[in-house]
Structure formats: C-alpha cells, structure tokens
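K.L.:
no FASTA, just this:
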C-alpha cells in the first residue's frame, strides 16, 4: 500500500509540474487518472501475487525436515546410525593419511579399502568419491612398486662363489653391497640354491639383486647399531 501511495504521489507531482508549463485540461486530468487507476490495480494484483508466493514458501519451509532429520533418514537407508557413520568417517580419514604417506604395506591398505567398500555406508555421498580417490591412489602406488621391482630385476647381478666365500663376505664386497649385514638379501634371492646360509659352495652362481633405497637405508641403520661380539680368548 505504501508503494502504491508513493507511485501516485510521484505521478501527481510530475503531472502538476507539467501543468505549470502547459495548460492542463479536464481531458488531460481524466486521462492521467485513468492511467493511475490502471497502474494502481496492477500494483495491487502484483502485491497479492507476491503475498501468495510468500505464503507458499512459508508452508514449504514449515514442512521441510531439519538437517539432522534428513541425515538420520539418509543413514537409515544404509542401515546405520550417526555413531556408525562417525566411526566409518574416522576409518576413511585414517586410510587417506596412510595412503598419502604410503605407509606400508600396500596390500594392508588395499585390504582396509576393501573392508570399507564392503559396508553399505560406502554408498553415502560423503564417502563415495573419497573412496574412489583412495582406490585410484592405491592402484597408482602398486604400479609404482611394480616399476621399482622391474627396475631392481633389471639391475640384478650375478656372482660365482669361490673357495673361502661366505654370504657375509660376499655382501661386504664394494661391487656388491659394501655392507656385510645385507647378506640376507642374497640368501632370500637364492633360496633355491642355499638351504643353509652358513653353507655355500664354490662354483655356485648367485643372483645379486640391487637394494632398494628403503632396503639400503634399513641395512645402513643395522650396521650403525651393530656391535661385533667380543673375541673369545683361550685360557
């Protein structure tokens, strides 16, 4: 109503201003009043329509569920409670961190992912995309491991045993590992020939696989902490 009065006032003001510059006849006045009456009627229709729309929106809002009610209803569809979903979320967060930092072993992370995917909770919008991203990251991680294995396989050397050799001394050679404590790597790579790591024989040919960065670091740590046993002296 205030809007209608304002429009009428502006139009009347403009009409009076114009009348001062030109003779304002009765016909002019009747024409202007007709226009104003039509504008008023249209404004009243618009106001009524707006009020009706506001009423519909209020009715819709009153019938809408709260966010908590909507989420509980969604959880019920997968047979879970809020506590179940919270626990599941913690597991997803933990797995994302492990995969991001490549916490070994990759097979353990893959098993964790499969366990999460087996739950109906995995279908919830909050988790579906995240789990698919973890799946892709694990696949990429496995491909990286395979590439490293292949590269390591291609770098494998061979060594033929001579009289007086032992795995310790072979591993100690500069052109092998330059670290005697890495001898288990030779043993594991040649289990088909070595039944007892203390017994090897001349003319045996062993595969000498290259150490990965992780293995090299591990054997270096072992060597830094290694303290040889004191020699026994005869009485």
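P.N.:
Sure, I can see it. Computed from a predicted model, the values in this text were never measured in an experiment. Numbers count the residues shown, from 1 in each chain.
K.L.:
Name the SS class of residue 68, please.
P.N.:
helix (DSSP: H, G, I helix; E, B strand; the rest coil).
K.L.:
Pull out the buried positions in stretch 106-124.
P.N.:
106, 109-110, 112-113, 116-117, 119, 121-122, 124 (16 or more other C-beta atoms under 10 Å). Where you see a C-beta, it was placed from the backbone N, CA and C, and this is true even at glycine.
K.L.:
what mean pLDDT does it have?
P.N.:
Stretch 106-124 carries an average pLDDT of 96.
K.L.:
if we look at it, which residues are touching it?
P.N.:
By C-beta atoms under 8 Å, 6 or more residues apart in numbering, the residues outside stretch 106-124 that reach it are 74-75, 78-80, 84-85, 88, 91-92, 95, 98-99, 103, 127-128, 131, 134-135, 138, 141-142, 145.
K.L.:
For residue 70, state which of the buried residues of stretch 106-124 is nearest.
P.N.:
residue 124 (12.5 Å; C-beta to C-beta).
K.L.:
residues touching residue 177, list them.
P.N.:
So residue 177 contacts 171, 185, 211, 219 (C-beta under 8 Å, 6+ apart).
K.L.:
For it, what is the enclosing helix or strand?
P.N.:
Residue 177 belongs to no helix or strand when elements are defined using DSSP states H and E.
K.L.:
looking at this, residue 203 is in a strand?
P.N.:
No - counting by three-state DSSP, residue 203 falls outside a strand, being coil.
K.L.:
which residues touch residue 79?
P.N.:
Per C-beta under 8 Å, 6+ apart, neighbours of residue 79: residue 120.
K.L.:
what secondary structure does it sit in?
P.N.:
Quick answer, by three-state DSSP: residue 79 is coil.
K.L.:
Which pLDDT value goes with it?
P.N.:
At residue 79, pLDDT is 92.
K.L.:
what's the answer for residue 230, then?
P.N.:
Among the per-residue scores, residue 230 shows a pLDDT of 64.
K.L.:
re earlier: which of the contacts of stretch 106-124 are buried?
P.N.:
By 16+ other C-beta under 10 Å, these give 75, 80, 85, 88, 92, 95, 98-99, 127, 131, 134-135, 138, 141, 145 as buried.
K.L.:
so which of the residues you listed comes closest to residue 23?
P.N.:
Of all those, residue 23 sits closest to residue 75, with 78.1 Å by C-beta to C-beta.
K.L.:
What's the separation between residue 103 and residue 117?
P.N.:
From residue 103 across to residue 117, the span is 19 Å (C-beta to C-beta, to the nearest Å).
K.L.:
what residue ranges in the protein score low on pLDDT?
P.N.:
The chain contains residues with pLDDT under 70 at 1-22, 61-64, 154, 229-235.
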